[in-house]
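> Provided below for reference: sequence and predicted model.
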Amino acid sequence: MTQRRQFLGSLAGIALAAPFGRLAGAAPAPSPGLPSGAVESGILAALPGKKPLIKRSFRAPNYETPLQYFDQLYTPNDAFFVRYHLSGIPRVDARSWRLRVGGAAAVAPREFSLDELRSGFEQVEVAAVAQCSGNRRGLYTPHVPGIQWSIGAMGNARWRGVRLRDVLARAGVRPGAVEVAFDGADTGVLAATPDLVKSLPVDKVLDEHTLVAFEMNGEPLPHWHGAPARLVVPGWTATYWVKHLASISILPAAFDGYWMKSAYRLPRAAFPGAAAFASQASESTTPITSMVVNSLVTNMVSGQRVAAGVPLEVRGIAWDGGHGIRRVEVAQSMDGPWMAARLGVDAGRFSWRQWQYSFRPGAQGSQRLLFRATSHAGETQGSQLVPNPAGYHHNLIQALDLVVG
Ligand SMILES: Nc1nc2c(c(=O)[nH]1)N[C@H]1C(S)=C(S)[C@@H](COP(=O)(O)O)O[C@H]1N2
Ligand SMILES: [Mo]
């Protein structure tokens, strides 16, 4: 499959996966790049404390956010997507919980209660997109194995907590430290299942924006999002955002667990704009790191009927791996002309940026609009995917096909 290229994607897939468009009977537009069938089969179901979300699997729980919730700057906690690898998910008691910090490259191991974390360090808040590496995997053609996410394995929230580097400083980071590993409290049901442990390079760990977070959108971190505390790694895909954080190990060498060495990897040099993770790179592959630039229309779906000559506002969001969004453009075909959409408030370079575009659909028939975002690093969405075996980083330019009449 490495030679295959997928061309221009269509929001038709999104119409199929978005339950409201579907219930309303929106006809999927005939267009190229229809997703593989699995995406269509999403059904709505509610986990305790959550709104009905699109269920991809129950054990382990994997639920994605319906399109309607993306039409706002912050994704409500009870509609935020849920992703777990393992089905042994504990209800962690916040009072007896302790965060253990140690490892062979720590000066002295330490432990912190939630109160000690809250009161012993400066608290900071960052608006940041959490996006699963496999978001939109279900839109890949040909089919790629894995959870068949549509567009909703992501969300934007205000995360509040303390800087990871301040916490690590209490244990002391030895000069020879190479990586820091993070273990969550969840476990596999079978002993053979590898425990979920992720590691980060020291430079990302010491970044002032990397947090141990205990609040999400002004509320205590909800159970499904990692109570009582999780890692927040702005700009990097959410695989690193370890939930129910239990222990942190400062390591003098690359961590060699399954979730680093075997999973979440990409062909080396496939994404030259992504952040480096040199200590984990092999000759042929490297871990996924920062997100690629992307955008989404949030108030319309393909197949929707619109009236000829009546002004319309298309709204959407755009985000990237932490450079921030420079512009979003709209065109009727890949040859352009590309017209600027209006950008909304800037909530910081790790947040998504809302945008809007007003236009008047012309004569009866069909109306296609294409959208592309460009980051402050100059990275732009394109019309060809960079193929990779796990179907990560799907950021193809999407088409909104409206029916005018
Ligand atoms: N403890 C734990 N943390 C985890 C995971 C997990 O399986 N267990 N999955 C990771 C992945 S792959 C993603 S995409 C995000 C999802 O975060 P959310 O469920 O809060 O949306 O959590 C990350 N942190
Ligand atoms: Mo993920």
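Sure thing, it's come through. Just so it is clear, the structure is predicted and the values come from calculations on it, not from any experiment. Numbering: from 1, shown residues only. Ligands and ions are numbered 1, 2, ... in the order given.

> what's the closest non-adjacent residue to A390?
Ranked by C-beta to C-beta, 6 or more residues apart in numbering and with sequence neighbours excluded, the top spatial neighbour of A390 is G146, at 6.1 Å. Every C-beta, even on glycine, is put in place using the N, C-alpha and C of the backbone.

> and this structure, which residues reach ligand 1?
Within reach of ligand 1 by C-beta under 6 Å from any ligand atom, the chain has these residues: 80-86, 130, 132, 184, 186, 196, 225, 238-239, 241-244.

> so the nearest residue to V178 once chain neighbours are set aside, which of the three states?
Leaving aside its sequence neighbours, V178 sits nearest to S279 (C-beta to C-beta, 6+ apart; 5.2 Å). When classified by DSSP: H, G, I helix; E, B strand; the rest coil, S279 comes out as helix.

> now for I89, how many residues are close by?
I89 has 18 neighbours, counted by other C-beta atoms under 10 Å.

> how about D203?
The burial count for D203: 12, using other C-beta under 10 Å.

> need the contact list for the residue in the stretch 1-150 of the chain that ligand 2 sits nearest to.
Relative to ligand 2, the nearest point of the stretch 1-150 of the chain is C132 (3.3 Å; C-beta to the ion). Contacts for C132 (C-beta atoms under 8 Å, 6 or more residues apart in numbering) come out as 81, 83, 149, 153-154, 237-239.

> can you redo those as JSON lines with neighbour count, pLDDT and distance to G391?
Below are the contacts of C132 laid out as JSON lines (neighbours: other C-beta atoms under 10 Å; pLDDT from 0 to 100; distance: C-beta to C-beta, whole Å):
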{"residue": "F81", "neighbour count": "27", "pLDDT": "98", "distance to G391": "17"}
{"residue": "R83", "neighbour count": "26", "pLDDT": "97", "distance to G391": "15"}
{"residue": "W149", "neighbour count": "29", "pLDDT": "96", "distance to G391": "9"}
{"residue": "A153", "neighbour count": "26", "pLDDT": "98", "distance to G391": "12"}
{"residue": "M154", "neighbour count": "27", "pLDDT": "98", "distance to G391": "15"}
{"residue": "T237", "neighbour count": "26", "pLDDT": "98", "distance to G391": "13"}
{"residue": "A238", "neighbour count": "25", "pLDDT": "98", "distance to G391": "15"}
{"residue": "T239", "neighbour count": "24", "pLDDT": "98", "distance to G391": "14"}
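
> which ones among these lie within strands?
Judged by DSSP state E, the contacts of C132 include 83, 154 as members of strands.

> just the closest of the contacts of C132 to I325, please.
M154 (14.9 Å; C-beta to C-beta).

> and that closest one, what does it touch?
Shown in contact with M154 (C-beta under 8 Å, 6+ apart): 65, 81, 129-132, 135, 238.

> now flag whichever of those is closest to R353.
Taking C-beta to C-beta as the measure, R353 sits nearest to V129 out of the contacts of M154, at 10.0 Å.

> average model confidence for stretch 304-323?
Stretch 304-323 shows a mean pLDDT of 97.

> gap between the two ends of that stretch?
Taking C-alpha to C-alpha, to the nearest Å, stretch 304-323 runs 33 Å from one end to the other.
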